[in-house]
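K.L.:
Would you be able to build a 3D model of this:
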Amino acid sequence: MTTPVPAPKGETTREQYVWQPSADYLDSSNVARLMHTLGASSASELRATSVADIAQFWDHVVRDLGIQFRTPYSRVLDAGAGIAHTEWFPGAGLNIVDTCLARWARDTPDAVAVTHESEDGAVRRLTYAELDDQVARLRAGLRARGIAKGDAVAIYLPMLPEAVVATYAIASIGAITVPLFSGFAPAAIASRLQDASAKAVITAEGTVRRGRIIPLRPLVSEAVAACSSVEFVAVVHHHGTDLDPKLDAGEVPWSELLASDPDPVVELTAASDVLLLAYTSGTTGKPKGAVHTHAGFLTKVASEVAYGFDIGPGRTFCWITDMGWIMGPLTIVGTHACGGTLLLYEGSPDQPDTHRLWELVDTHRVSMLGVSPTLIRTLRAASSEPPSADLSTVRTIGSTGEPWDPDSYDWLARDVFGARVPIINFSGGTEVGGSFLCPYPVEPIASCSLGGPALGMDVDVLDDQGNSVTGTIGELVCRQAWPSMTRGVWNDEERYLDAYWSAYPGIWRHGDHALVDEAGNWFILGRSDDVLNVAGKRVAPAEIEAVVAHDPAVTETAVVGMPDATTGEGVWVFWVARTGLPHTDDDEVATRLRQHVADQLGKPFRPSQVIRVDELPKTRSAKVMRRAIRAAAQGADPGDLSGAENPDAVEQIRRHVHGLKIRV
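P.N.:
This next block holds a predicted model:
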């Protein structure tokens, strides 16, 4: 995230928005309860306490959130093999379903565990008792098909109740979940199935997005043809067509698996047993399988959802995401560890129009709403007026993965929610199993800020020599282990050590550039390899994008660095025009944007190219794919686009740059 910037010269500067916590959050939130338990008078003091003795802190978290261990741990952690191979809760036995499902099915069986709404408005619900029953039936069906502890089972599903049932059923056997992005093509599916040696795949006939039925089952069929380890594919009857009414050999109806009598036996797993393999979807190279465990992942994500997002029984958590991103498993496990209701939405959140998201909140009385900055920019561009829907149930807003611009952030916080709801803008990653940085509802939160270190996370910003820095860009690192730290890269120890532990001895280097300002606010400035070096001066794309996004003609923008004979690296701006405005002259806008950037950030950062495009390539979770944009502009291979929502946008940029006859 970037530091807020003033309005371009000649325009009115709005006072920077800062969230101020009310008595409700200071007295009655989950994080306030933890502060009281640990004797902390402020969020800053709580952060310091949480890393002064990480073993003691995480032990408090386990007790505060009631995380269920069948066999107690002998100690909280063991770093005898080195920080990169820290063992958490050694000697303990548990299964995530004990905490996330069994206790609620016993104590509050009629509470709603899962609500699903599809793009056409159809709604399904499962109570905790119903979810527990379906998990027990699927557990029996999978075991009857030979799935046992340690086997890998892939989930290639949209955000359906069946994805939740499958997650818990696989875990309850002690098998390993391999969640896959529901937009992957066959080659991307196959590479992950092969790496995990998956024994089974659970998929659906299709899904829906923007009114179109998108087949899933045929893609899985093509993928498993290249995967000898896969013994069967379970198929959920969802958005099927009449084209392929019969299942092929090796395919099993989901309904047949659920027809089994419930199996009451939940496998006892060790704390360090593998729960899931979460594959990254980088733009180049073989995807990395981040290894997450029953105890570590459960403890970390439960703390995220409880303390950051203030979820508990009777509250509804909604984040528009996908099973293939770490936010998919995080929302399932975290919400249910806290006893809340998980709202799943299948489809595009701006269909049939930009009121859909707000109507979703109103209809289902959402307590925590997770959004992306890109989505909010789209909704704001469509109408700057606050929505008319009832949003009074919202207590927190979640955000991750993509930089905010101050105008959109302030519009959401101040205009839409009347400055009564905090934006919990947090940052972590697949390998982190949660967040490194997270603001909390009990502290002031500056516009666009990530607040500070997440609880229990000993993060810092270092320069190239390994010195802590303030007020300047540096590498985001973590000095101590945490429960959900990946246990490695699946089947590739060397890659794990090289990726995270080779830059600074004994310190995790995450690959993000960050900045802590003089007031102590933390900002993520993008991936380290996205940061530009212009004539020896480093600048993050987000800093320039925040200036460009302030222009009334611009609705979206992406900045990349391109080779430049004079400065070494030049600033290229790609922008998408705001709809509903009078015709804009591209040259006039380009001149204006160049001047804005020079005025706000300095003449060295004046863009050398300002190019209007129809759309920017983004992932399904709305992250702009800057490296793919840079590659397209250079005429190079953009790498793996399997996670792209709109891969055609990459080729359009390539053709557009080539048509301009720009020398790269």
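K.L.:
rest of the way, CA atoms for contacts and neighbours
P.N.:
Fine.
K.L.:
in the stretch 51-200 of the chain, which spans are helices?
P.N.:
Assigned by DSSP state H, counting those that start in this stretch, the helices in the stretch 51-200 of the chain fall at 54-65, 96-97, 103-107, 128-144, 161-173, 186-196.
K.L.:
if you compare the ones you listed, which one is most tucked away?
P.N.:
helix 96-97 (a mean of 27; mean count of other C-alpha atoms under 10 Å).
K.L.:
Show me what it is in contact with.
P.N.:
Under the criterion C-alpha atoms under 8 Å, 6 or more residues apart in numbering, residues 168, 171-172, 294-295, 298, 333 lie in contact with helix 96-97.
K.L.:
from these, which single one is nearest Leu160?
P.N.:
Tyr168 (13.4 Å; C-alpha to C-alpha).
K.L.:
for that closest one, what are its contacts?
P.N.:
Contacts of Tyr168 by C-alpha under 8 Å, 6+ apart are 96-97, 135.
K.L.:
so can I have TSV of those showing pLDDT and distance to Ser399?
P.N.:
Formatted as TSV, these follow (pLDDT from 0 to 100; distance: C-alpha to C-alpha, whole Å):
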residue	pLDDT	distance to Ser399
Ile96	98	25
Val97	98	27
Val135	98	30
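K.L.:
what's the closest of the helices of the stretch 51-200 of the chain to Val469?
P.N.:
In terms of C-alpha to C-alpha, the element of the helices of the stretch 51-200 of the chain nearest to Val469 is helix 54-65, at 23.3 Å.
K.L.:
so can I have TSV of the contacts of Tyr168 showing distance to Asp120?
P.N.:
Shown next, in TSV, are those (distance: C-alpha to C-alpha, whole Å):
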residue	distance to Asp120
Ile96	33
Val97	31
Val135	27
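K.L.:
can you count the residues close to Pro387?
P.N.:
Other residues lying near Pro387 total 18 when counted by other C-alpha atoms under 10 Å.
K.L.:
Quick one: the helices in the stretch 551-664 of the chain, in order.
P.N.:
Going by DSSP H, counting those that start in this stretch, the stretch 551-664 of the chain shows helices at 586-601, 626-634, 648-659.
K.L.:
Which strands or helices does the second one pack on?
P.N.:
When contacts are defined as 3 or more C-alpha pairs under 8 Å, 6 or more residues apart in numbering; DSSP states H and E, helix 626-634 sits against strand 554-564, helix 648-659.
K.L.:
who's in contact with that helix?
P.N.:
Residues contacting helix 626-634 (C-alpha under 8 Å, 6+ apart): 283, 530, 558-562, 617, 637-639, 650-651, 653-654, 657-658, 664.
K.L.:
now do the last one
P.N.:
Helix 648-659 is touched from outside by 613-617, 628-629, 632-635, 638, with contacts defined as C-alpha under 8 Å, 6+ apart.
K.L.:
so after the helix or strand of the chain with the lowest mean pLDDT, what's the next helix or strand?
P.N.:
Within the chain, no helix or strand scores below strand 537-539, which has a mean of 69 by mean pLDDT, DSSP states H and E. The first helix or strand that comes after strand 537-539 along the chain, using DSSP states H and E, is helix 541-549.
K.L.:
Would you indicate which residues of that next one are buried?
P.N.:
Using 16 or more other C-alpha atoms under 10 Å as the test for burial, helix 541-549 gives 541-549.
K.L.:
And for stretch 341-351?
P.N.:
341-350.
K.L.:
Reformat those residues as CSV; add distance to Leu375 and pLDDT.
P.N.:
CSV is the format used below for those (distance: C-alpha to C-alpha, whole Å; pLDDT from 0 to 100):
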residue, distance to Leu375, pLDDT
Thr341, 23, 98
Leu342, 20, 98
Leu343, 18, 98
Leu344, 17, 97
Tyr345, 15, 95
Glu346, 15, 93
Gly347, 14, 89
Ser348, 10, 86
Pro349, 8, 87
Asp350, 8, 85
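K.L.:
just the strands in the stretch 351-500 of the chain please.
P.N.:
Using DSSP state E, counting those that start in this stretch, the strands of the stretch 351-500 of the chain run over 368-371, 396-399, 423-425, 427-429, 434-437, 445-446, 459-462, 474-478.
K.L.:
hey, which of those strands is tucked in deepest?
P.N.:
Of all the strands of the stretch 351-500 of the chain, as judged by average neighbours under mean count of other C-alpha under 10 Å, the leader is strand 423-425 with a mean of 30.
K.L.:
Report all helices and strands that that one contacts.
P.N.:
Against strand 423-425 (3+ C-alpha pairs under 8 Å, 6+ apart) you get strand 396-399.
K.L.:
got the CA coordinates for the strand it packs on in CSV?
P.N.:
Only the C-alpha atoms of strand 396-399 are listed here, as CSV (Å, rounded to 0.1, in the frame of the first residue of the first chain):
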residue,chain,number,x,y,z
THR,A,396,-15.6,-4.5,10.0
ILE,A,397,-14.5,-4.2,6.4
GLY,A,398,-11.7,-6.5,5.2
SER,A,399,-9.2,-5.9,2.4
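K.L.:
So for that strand, mean pLDDT?
P.N.:
Strand 396-399 carries an average pLDDT of 97.
K.L.:
and of the contacts of Tyr168, the nearest to Thr127?
P.N.:
Closest approach between the contacts of Tyr168 and Thr127, by C-alpha to C-alpha: Val135, at 12.1 Å.
K.L.:
sorry, back to before: may I see the ChimeraX selection of the buried members of the contacts of helix 626-634?
P.N.:
Only the buried entries of the contacts of helix 626-634 go into this ChimeraX selection, using 16+ other C-alpha under 10 Å:
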select :283,530,558,559,560,561,562,617,638,650,651,653,654,657,658
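K.L.:
Okay, buried residues for stretch 262-280 please.
P.N.:
Of the residues in stretch 262-280, 262-263, 266-280 count as buried by neighbour count, 16+ other C-alpha under 10 Å.
K.L.:
now the end-to-end length of that stretch.
P.N.:
34 Å (C-alpha to C-alpha, to the nearest Å).
K.L.:
closest one to Ala204 among the helices of the stretch 551-664 of the chain?
P.N.:
Going by C-alpha to C-alpha, the one of those nearest Ala204 is helix 648-659, 25.1 Å.
K.L.:
Report the inter-axis angle for that closest one versus helix 626-634.
P.N.:
30 degrees (axes from the mean of the first three to the mean of the last three C-alpha atoms, to 10 degrees).
K.L.:
Point out the most buried one among the helices of the stretch 551-664 of the chain.
P.N.:
Mean neighbour count, computed with mean count of other C-alpha under 10 Å, is highest for helix 626-634 among the helices of the stretch 551-664 of the chain, reaching a mean of 22.
K.L.:
check contacts around Ala140.
P.N.:
Here Ala140 is in contact with 257-258, 260-263 (C-alpha under 8 Å, 6+ apart).
K.L.:
With respect to pLDDT, which of those residues ranks lowest?
P.N.:
Ser260 (89).
K.L.:
and that residue, which of the three is it?
P.N.:
The three-state label given to Ser260 by DSSP: H, G, I helix; E, B strand; the rest coil is coil.
K.L.:
What's the separation between it and Ala200?
P.N.:
18 Å.
K.L.:
Excluding chain neighbours, what is closest to Pro72?
P.N.:
Ala92 (5.0 Å; C-alpha to C-alpha, 6 or more residues apart in numbering).
K.L.:
Not counting its own residues, what contacts stretch 578-591?
P.N.:
381-382, 552-556, 610-612.
K.L.:
quick one: average confidence on that stretch?
P.N.:
Model confidence over stretch 578-591, given as mean pLDDT, is 80.
K.L.:
Quick check, Asp410 in contact with Ser447.
P.N.:
Yes. The criterion here is C-alpha atoms under 8 Å, and Asp410 meets it with Ser447 at 6.7 Å.
K.L.:
Can you pull the residues that touch both of the two?
P.N.:
Residues touching both Asp410 and Ser447 (C-alpha under 8 Å, 6+ apart) are 16-17.
K.L.:
pLDDT on stretch 160-178, on average?
P.N.:
98.
K.L.:
Dump it to CSV, restricted to CA.
P.N.:
Provided in CSV are the C-alpha atoms of stretch 160-178 (Å, rounded to 0.1, in the frame of the first residue of the first chain):
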residue,chain,number,x,y,z
LEU,A,160,-20.3,-23.7,-2.8
PRO,A,161,-21.4,-25.4,0.5
GLU,A,162,-19.9,-28.6,-1.0
ALA,A,163,-16.5,-26.9,-0.9
VAL,A,164,-16.9,-26.5,2.9
VAL,A,165,-18.2,-30.0,3.4
ALA,A,166,-15.3,-31.4,1.3
THR,A,167,-12.7,-29.3,3.3
TYR,A,168,-13.9,-30.7,6.6
ALA,A,169,-14.4,-34.3,5.4
ILE,A,170,-10.9,-34.5,3.9
ALA,A,171,-9.4,-33.1,7.1
SER,A,172,-11.4,-35.4,9.3
ILE,A,173,-9.9,-38.4,7.6
GLY,A,174,-6.4,-36.9,8.1
ALA,A,175,-6.1,-36.6,4.4
ILE,A,176,-4.5,-33.5,2.7
THR,A,177,-6.7,-30.9,1.0
VAL,A,178,-5.4,-29.4,-2.2
